[in-house]
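A.B. asks: sequence and predicted structure are below.
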Amino acid sequence: MKQTTITLALTTIAFAGITPSVSAESTTGFENARRPISNPTLFDLALPTTNLHPIYAHHGLPDRVSLAGGGTLPLGGDLDVYALQFEFAINERLSIVATKDGYVDIDDTTFNALGFDSGFANLGAGLKYAFILDPASSTVVSGTATFELPTGNSDVFQGQGDGAVNLIVSGLKLIDEWQFAGAVGTQIPFSDEQATNIFMSAHASYDLCDWFIPLVEINWFHVVNSGNGGNLFSPVTNLVTFEGNDFFNIGAANAGENRDLITAAIGFRSRITDKVQAGIAYEFPLTNDQNSLWDDRFTLDIVWTF
């Protein structure tokens, strides 16, 4: 009778999804891996997993932005992004990723200077494959290909052009409490209306304790070829001397004047449970804020792995 009771209890626990044996993820050597926070549509964790990833970003706009031929335009204000990414692991090496979606609410303080408003973002999704997956050394190198469809609203610099493909190589290395991650990739539009970009991102974090895992991240965006969007979104956008970089591709014909944007992010993650992590990061430009749409950004997210 006692043995039967124990057997039934273990069976009940297993069906409840909390089997006392160690899960597959916790035996891979990657159980402490944590997703980067900044540049979320392009900078992903190299390790394929199944997860949901809700994101909220509050992005400050610079007080003034530079214009072609000299001079600046008053801007100011902010924008909010609400998004939900997800990933489904087909096996330990291959996963389906949904990298871009959500709702954008933009409020600039100077007579709606750039034609900002609110609306839905484009949809982006694709595949991630781990070419190198070495649990013994806690090392992963992956390749990701995602397609961005022009499904969003033009009021928030989305839904124009013929879409784009993002080709990305990312890496992950865990060394004791340290984690190092990086990614390099390119954004290639299917029409000449929008810009062709490359980017590099890097992440370092240290696992002090479950509730405080500090991190620092660096992102570099570079315009390879400017767009030819003309008045694709707003007459003013064709006068600015920069691109939208990580989230927006505005097709500014004069983006070649300020091809580079570099940002730094500091923050931390908290391990709420074995399956749930929360994070917050403050990001700011290291390049001139007038040569971009960047003043600063706060990003909050939750990563639920299952």
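C.D. replies: That came through, no problem.

A.B. asks: on the three-state scheme, the closest residue to residue 228 other than its chain neighbours is what?
C.D. replies: Of all residues beyond its chain neighbours, the one nearest residue 228 is residue 192 (5.0 Å), with distances taken as C-beta to C-beta, 6 or more residues apart in numbering. Yep, even glycine has a C-beta here, placed from its N, CA and C like the rest. Under DSSP: H, G, I helix; E, B strand; the rest coil, residue 192 falls in the coil class.

A.B. asks: ok, residue 192 to residue 199 distance?
C.D. replies: From residue 192 across to residue 199, the span is 20 Å (C-beta to C-beta, to the nearest Å).

A.B. asks: these two: who's more crowded?
C.D. replies: residue 199 (21 against 15; other C-beta atoms under 10 Å).

A.B. asks: which residues does the more buried one contact?
C.D. replies: Listed by C-beta atoms under 8 Å, 6 or more residues apart in numbering, the contact set of residue 199 reads 39, 42, 183-187, 219-222, 245-246.

A.B. asks: now it, what's its secondary structure?
C.D. replies: strand.

A.B. asks: partner residues bridging it?
C.D. replies: As for beta bridges, residue 199 partners with residue 185, residue 221 under DSSP bridges.

A.B. asks: tell me the confidence at it?
C.D. replies: The score at residue 199 is 98. That number is its pLDDT.

A.B. asks: same question for residue 250.
C.D. replies: Residue-level pLDDT assigned to residue 250 equals 86.

A.B. asks: from residue 228, how far out is it?
C.D. replies: 12 Å.

A.B. asks: what's the answer for residue 60, then?
C.D. replies: 29 Å.

A.B. asks: correct me if wrong: the residue nearest to residue 228 contacts residue 164.
C.D. replies: No. With contact defined as C-beta atoms under 8 Å, residue 192 does not count as touching residue 164 (11.8 Å).
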